[in-house]
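Colleague: okay, sequence plus prediction incoming.
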Amino acid sequence: MFDQNELRFEMVQLLDENGNGDEQELASFSDEFLVTLYRWMRKVRVIDERLLKMQRQGRIGTYAPFSGQEAAQIGSVLALRKDDWIFPSYREIAACLAHGLPLAQIFQYVRGRVMGRKMPEDLNIFPTQIIIGAQTLHATGCAWATKLKGETQVSVCYFGDGATSEGDFHEALNFASVYQVPVIFFCQNNHYAISVPVHKQTASRTIAQKALAYGMKGVLVDGNDALAVYKTMKQAVEAARNGEGPMLIEALTYRLGPHTTADDPTKYRNAEEVEQWKRKKDPLHRLRVLLEKRGLWTEEQEEAWVAQVNEEVTEAYEEATANETGSIVDVFDYVYGKPSKLLQEQQQEVARRKQRKEVR
Amino acid sequence: MFDQNELRFEMVQLLDENGNGDEQELASFSDEFLVTLYRWMRKVRVIDERLLKMQRQGRIGTYAPFSGQEAAQIGSVLALRKDDWIFPSYREIAACLAHGLPLAQIFQYVRGRVMGRKMPEDLNIFPTQIIIGAQTLHATGCAWATKLKGETQVSVCYFGDGATSEGDFHEALNFASVYQVPVIFFCQNNHYAISVPVHKQTASRTIAQKALAYGMKGVLVDGNDALAVYKTMKQAVEAARNGEGPMLIEALTYRLGPHTTADDPTKYRNAEEVEQWKRKKDPLHRLRVLLEKRGLWTEEQEEAWVAQVNEEVTEAYEEATANETGSIVDVFDYVYGKPSKLLQEQQQEVARRKQRKEVR
Amino acid sequence: MAEITMIQAINEAMRQEMERDERVIVLGEDVGTNGGVFRATDGLLEQFGDQRVFDTPLAESGIIGTSIGLAVNGFRPIAEIQFLGFVYQAMDQLAAQAARIRFRSAGRFTCPIVVRSPYGGGVRTPELHSDALEALFTHSPGLKVVMPSNAYDAKGLLIAAIRDEDPVLFLEPMKLYRAFRMEVPEEPYEIPLGKARIVKEGEDVTIISWGATVPLVAKLAADMKAQGVDAEVIDLRCLQPLDIDTIMQSVEKTGRVMIVHEAVKTNGFGAEIAALISERALFSLSAPIVRVTGYDTPYPVPSVEDDWLPNAARIVEGVQTLMRY
Amino acid sequence: MAEITMIQAINEAMRQEMERDERVIVLGEDVGTNGGVFRATDGLLEQFGDQRVFDTPLAESGIIGTSIGLAVNGFRPIAEIQFLGFVYQAMDQLAAQAARIRFRSAGRFTCPIVVRSPYGGGVRTPELHSDALEALFTHSPGLKVVMPSNAYDAKGLLIAAIRDEDPVLFLEPMKLYRAFRMEVPEEPYEIPLGKARIVKEGEDVTIISWGATVPLVAKLAADMKAQGVDAEVIDLRCLQPLDIDTIMQSVEKTGRVMIVHEAVKTNGFGAEIAALISERALFSLSAPIVRVTGYDTPYPVPSVEDDWLPNAARIVEGVQTLMRY
Ligand SMILES: Cc1ncc(C[n+]2csc(CCOP(=O)(O)OP(=O)(O)O)c2C)c(N)n1
Ligand SMILES: Cc1ncc(C[n+]2csc(CCOP(=O)(O)OP(=O)(O)O)c2C)c(N)n1
Ligand SMILES: [Mg+2]
Ligand SMILES: [Mg+2]
């Protein structure tokens, strides 16, 4: 009889909520790395807050904030090589930035511009996925290609707790394990899929244990502990790179904001719960405590850094909006390599309308 | 870390390949039950062989034989109450017969007649499913309905090892466990999905362990041991009936014949392997040995029974073919409760053609 | 009579049917505690409890597939697909399973489920949230396809859909959810599935539309009247079953036809209507049929969607073209 | 030149492309050891090994979804969906993912995959093995849809499809796999996607068809000639892109049109063709367009399928009707 009551449950944690941890373990992280990690996390938090504000001002469209999940996203991406592939969903803006996506490009995306989902040519980031779970298969196929070519990139697929209920998640993990391809399934279990709490999503005690269904390895990690995430990811990525196959990582975290700017989270979760996570378990807090203990960070540095990032955001916004291109005429260029005659007719019609200023 | 190497693997077996087993355990089965069980298994084996022959004679269409899987199908169905629901795929003719489907109706089905998939009104059997895995969700929904109504039927879903790779399987087990509905997922792992061996289907060591992904219980049972199947199923069904939720049962068995009459199994498996299963592990053999040991069955009885079943088959075939009804005109009656005007027009056109004898 | 929005009408229809018939249940993503991402199911969990309203796991095939089992075993599920673009995930369960249960079982089993789903553009959604995919289902025998364009119709059609013995896809134009209010009777009523509505009678040209595009067409038809073109506007309301008689009567009268829909042009339901009309009334046509539709590209990003959707300029131009004959 | 069957031509096309381009790989259920349930991939595993030919797990969404990742990362996968009726399981990955990768990424990524799948009736298969579902995909921008009707075309079209930069759905009429042999050049050749083939020139009536129904139509057209009706028969070969010019030229000439396909009538691709013709050549039509198609029911059981499919009686009657005008 297989019964989850007989499984051993443990969660990888290096740094607890108060910034304490096993000294020897912590000593393995260089000062430089810790500062880089923290800078990234603070930076994306500022960006997230600015984007939220801009959405309220009507400068960008519906937005899915990621605050609270910085450790999971930054911690995991910093463990990657520049040429590794990542497969983001709508909530992985932090991961995309850390993997090299320019901020100005993010603005193209959140402003719904034609070129908004075009990733720069030298960046191995798949276009943002909206369909929950669909990217798990793309990541698996991409990693499969890497393996067949004898190359060494790893593919990292981001998704949420809700995504684990989709059939595609199942098919992806199964294929990945059957073919032993270098893909990491990185689940940010932020406790909710819009309004649905994870205990209504699945009766399994963890997401990580779902790996057992595929003969895959699964790890549960404290997703608000950037060091634990980094270390776990590093190990998983190196194993995958060495041909040891895929892994499922569950990073336990929490979305502090609404699902998107169209969502009212007070409908489905209470203020105390959110406060708990905000006050006690903030992923930035514990890292900052560690930095301060090591004398690596001060309030002045914090302020300067925040100011600098704010400046960057403003500049990127201005750059992105200064000469926004892309009109309805252009969308016809990206349906096929060569449009059919009937499609060309439609494009010509639209081009005429554009000349007549009927459309933009 | 979750790792299948840390799981404990065991398989329920009461009667080994030579008809031996724990005496006390075996004593719990009445003579009458053992004879009934064997009679059913022998009966459906004869039917399967006859159907295969009839297919070669062109009397019935493509056929998916089940020989080798009698213990799994009969053992599991005999553990059910008459009003329990079963959800068969194309290979579960034995299960359907044992649950009460008249043989004549089977002929309607395998001869591709219009009424061939109509289950009798008093029988809780879902129409045969062709789409691999799709019925897992129907069974879950049906069991959910039972629970909501406060009734006590159990739904039993049949499917193969290949079906476990489909997204629907995953979604079904997840829903079933989240809502704790009275459904048993009964997987006949016959080692192949057409030509694909189960080790190419999944990297998990068993199908049963996949239950862990859903916080469900999973059991591996010797699917060629009718007693083990019966006992395991009985326990699962009683638990489900008592509100203890769903279970996944993997019955390890083997398809002795081709996937269907259109399949050539020599393309993908060797004769020795088949011989092994045929000679050493036949599900009928070990039960017959037990019966003979108890003095419950003789060669004469065997011959008489086979002759009787053969007679039944001939009669059922004659009954089914004597007045085969159902024409192309009728199919329009089953698209909607009330056909649309445009559909009526089409039906009238066809009816005119029938009068003109252009169609049957 | 109260003036309510379409989303309120939809909510009211479900509530009243749940009060009337305890076999009616609601399931889908976020339909319970959250009351639906558009609040279509607001208050239902509170009123009917968690044995009639279910927040399901995030799995569309699962939602439709379990609904089939629920329906066959005595319930009348109303399943929500959160946005129609996600219905691709449930295509087998809808088009190959729900649609064919009656057929497959030669009438032994029926599958009375309603699949509600918001669709349609103009509201700046992320990718795959705006696609109009009705034509996938008009090509799937066994399914009914209903697409209301206003609060009154939405209530009456949804009640009829819930009471129907067959699976009904009920597609709600999200742009119209709160676009205007309308007098809607408080008591339950049915609008039979398969009856089109003549929004405006006219003599010169027939404009056929459904769902999201109807208010725009109706408004333009009113404007045109002032300019001397008397358009008849037909709101199909239901694509399957189709009210072929109302269409043909109008076409015979006007001889000029425009079809307006948001779905991409090629193989949209507009193609079927154009084909039916030219099959049945070719020689009554004074002019080629005009289709004003989405273009043959995937639904584009927010910054250009208004220029992709059928708009006033294209519709007016189309009518002018028709009147030139 | 060797005389080969369509299935041999398909096999040869894959083999030759795999020899030419090592990025071409094959994956699907039973395509390796078994060589495919119809033997389309026979011998490929032996020749190219298990790093180019893959027996996949039983999961259609998985097959298409991983093909997308393989394609974006440098391969040119040929994925088999064992029977077209199972494509519903992969609808999202096909119509919302593969079809939109280029669009979504504004050209950064392309998705050169070929999805091969047998379809069509008349061979007494179980349920959902015979459905003609091409219209679901002609309504899905970003996909190309190719449907050969003979060995020569199958080889040239499949090679073109494999070399194409966009996702191509390649639908093979299983009834024709071994129905007849044909001279097919041994060397690889391409038939450009989007060029129809005039099977028989004629003056009186245009019959448009594709895939499974073409041989029947061609045969009947030959018979009709003897009876004084000179039909032009067009085999579309490719529905997307569509050879609109060939269609229009023929229609302008004959003024009478019949469309024949196996798919159910409502919203089949015949509807789109009828709509296009009446949009572009209304006044050239002497008679209403006739569609001879599957009926608007699910594909029925074997004992009645021949009476459900377009057959000789219906096609001949349709031509007679057209000629009466
Ligand atoms: C196939 C599909 N179904 C439903 C949705 C609507 N939807 C968008 S986000 C979301 C919840 C996702 O939850 P989770 O996977 O936990 O990710 P999170 O938003 O928490 O990061 C839902 C239901 C969708 N985009 N795609
Ligand atoms: C969705 C779907 N994909 C593919 C098929 C074709 N097919 C029919 S049976 C089969 C193998 C099924 O294997 P398994 O689940 O192990 O059942 P078994 O035949 O061994 O009883 C396949 C691939 C199908 N019927 N449905
Ligand atoms: Mg979540
Ligand atoms: Mg099997």
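Modeller: Nice, I can see it. Just so we're clear, the structure is a prediction, and the values are computed from it rather than from any experiment. Ligands and ions are numbered 1, 2, ... in the order given.

Colleague: got the domain ranges for the chain?
Modeller: Reading this off chain A. A:8-325, A:327-360 (automatic domain parsing).

Colleague: switch to chain C, that's the one I care about
Modeller: Following automatic domain parsing, chain C resolves into domains at C:2-184, C:197-323.

Colleague: so the longest one, near ligand 1 or not?
Modeller: Yes. Using Cβ under 6 Å from any ligand atom, domain C:2-184 reaches ligand 1 at C:Glu29, C:Leu58, C:Glu60, C:Gln82, C:Phe86, C:Gln89. Where C-beta positions appear, they are placed from N, C-alpha and C, glycine not excepted.

Colleague: follow-up on the earlier one: looking at the domains of chain A, which is nearest to D:Ile68?
Modeller: Closest to D:Ile68 of the domains of chain A, according to Cβ to Cβ: domain A:8-325, at 5.2 Å.

Colleague: break down the stretch 101-250 of chain C into its helices, ranges please.
Modeller: Ranges of helices in the stretch 101-250 of chain C, per DSSP state H, counting those that start in this stretch, are C:101-104, C:134-138, C:151-163, C:214-226, C:244-254.

Colleague: turn the ones you listed into JSON lines, columns for distance to chain A, mean pLDDT and mean neighbour count.
Modeller: Output for the helices of the stretch 101-250 of chain C, formatted as JSON lines (distance: least, Cβ to the nearest Cβ, whole Å; pLDDT from 0 to 100; neighbours: other Cβ atoms under 10 Å in any protein chain shown):
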{"stretch": "helix C:101-104", "distance to chain A": "20", "mean pLDDT": "98", "mean neighbour count": "26"}
{"stretch": "helix C:134-138", "distance to chain A": "16", "mean pLDDT": "98", "mean neighbour count": "27"}
{"stretch": "helix C:151-163", "distance to chain A": "22", "mean pLDDT": "98", "mean neighbour count": "25"}
{"stretch": "helix C:214-226", "distance to chain A": "15", "mean pLDDT": "96", "mean neighbour count": "18"}
{"stretch": "helix C:244-254", "distance to chain A": "25", "mean pLDDT": "98", "mean neighbour count": "18"}
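
Colleague: now the ones you listed as a markdown table including distance to D:Ala135?
Modeller: Output for these, formatted as a markdown table (distance: least, Cβ to Cβ, whole Å):
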| stretch | distance to D:Ala135 |
| --- | --- |
| helix C:101-104 | 19 |
| helix C:134-138 | 8 |
| helix C:151-163 | 25 |
| helix C:214-226 | 25 |
| helix C:244-254 | 20 |
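
Colleague: which of those helices sits closest to C:Ile10?
Modeller: Closest of those to C:Ile10 is helix C:151-163, at 5.3 Å (criterion: Cβ to Cβ).

Colleague: and that closest one, what does it pack onto?
Modeller: Counting contacts by 3 or more Cβ pairs under 8 Å, 6 or more residues apart in numbering or on different chains; DSSP states H and E, helix C:151-163 is packed against helix C:6-20, strand C:114-119, strand C:144-146, strand C:168-173, strand C:182-184.

Colleague: quick check: what element follows the first one along the chain?
Modeller: Heading C-terminal from helix C:6-20, the first helix or strand you meet, by DSSP states H and E, is strand C:24-28.

Colleague: what strands line up against that following strand, and which way round?
Modeller: Neighbouring strands of strand C:24-28 in its sheet, by DSSP bridges, are strand C:53-55 (parallel), strand C:76-80 (parallel).
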